[in-house]
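In: Sequence and predicted structure below; questions after.
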Amino acid sequence: MSRMFQKLYDLCGMIAGGLILCICLLISAQICLNAFGRFAPGVLPSTIPSYADFSGFMLAGATFLAMAHTLRAGGHIRVNLVVSRLPLKAQFVAEAFVLVIAAGLIGYATYFMGALVVESIHFGDVSNGIIPVPLWIPQSVAAFGIGLLLVAVLHTLVEMITTRAPVLSTPDEV
């Protein structure tokens, strides 16, 4: 089960990287159209409709999809300088405490992100750009990403309890 979760975290991390690449390509295409429009006005359209909306949706998706992968890869900022100086038992207690608090806060955020998606579907909310995009689509990606972060935090907590050792605190991070 742990390997399946790790593959899911890694897949979402790769999708997040792909979304960042798509943002770069979209913005670069818009810059090229702007430049081309100055040299040959009227030949090509000068703007990609709703490019700012789409890049914003992709940025939100990349951010939320990457969080679980980043947690499991040890990329989130932590206070290891202090925790690493504690005895192993105290490190275990500190990490468990933080993971429980994080699970509660992330669970709260996940619940309300899901409620936002349901509300957007109910009211038929769409973006206000040139191309109206149903808002539940990018919101669903964000809700999935934060839900996956909750799973990753709980996965880490269970792993820490079963191994009876801190999982996130490693000496090479200090």
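Out: Sure, I can see it.
In: okay, which residue is most central for this structure?
Out: Closest residue to the average C-alpha location of the chain: residue 64 at 1.7 Å, with Cα atoms, centre = their mean.
In: Listing request: residues of this protein with sub-threshold pLDDT.
Out: 79, 169-174 (pLDDT under 70).
In: Show me where it has its helices.
Out: For the chain, the helices defined by DSSP state H occupy 2-39, 51-72, 80-83, 88-123, 136-163.
In: Of all these, which one is nearest residue 130?
Out: Residue 130 sits nearest to helix 51-72 of all the helices of the chain, at 8.2 Å, using Cβ to Cβ. Bear in mind the C-beta positions are built from the backbone N, C-alpha and C, glycine included.
In: Could you measure from the most far-flung residue of the chain relative to its centre over to residue 33?
Out: Distance from the centre of the chain peaks at residue 40, with 40.0 Å (Cα atoms, centre = their mean). Going from residue 40 to residue 33 by Cβ to Cβ, to the nearest Å gives 11 Å.
In: Pretty sure residue 142 sits against residue 64.
Out: Yes. Residue 142 is in contact with residue 64 according to Cβ atoms under 8 Å; the separation is 4.4 Å.
In: give the contact list for the residue nearest to the centre of the chain.
Out: Contacts for residue 64 (Cβ atoms under 8 Å, 6 or more residues apart in numbering) come out as 141-146, 149.
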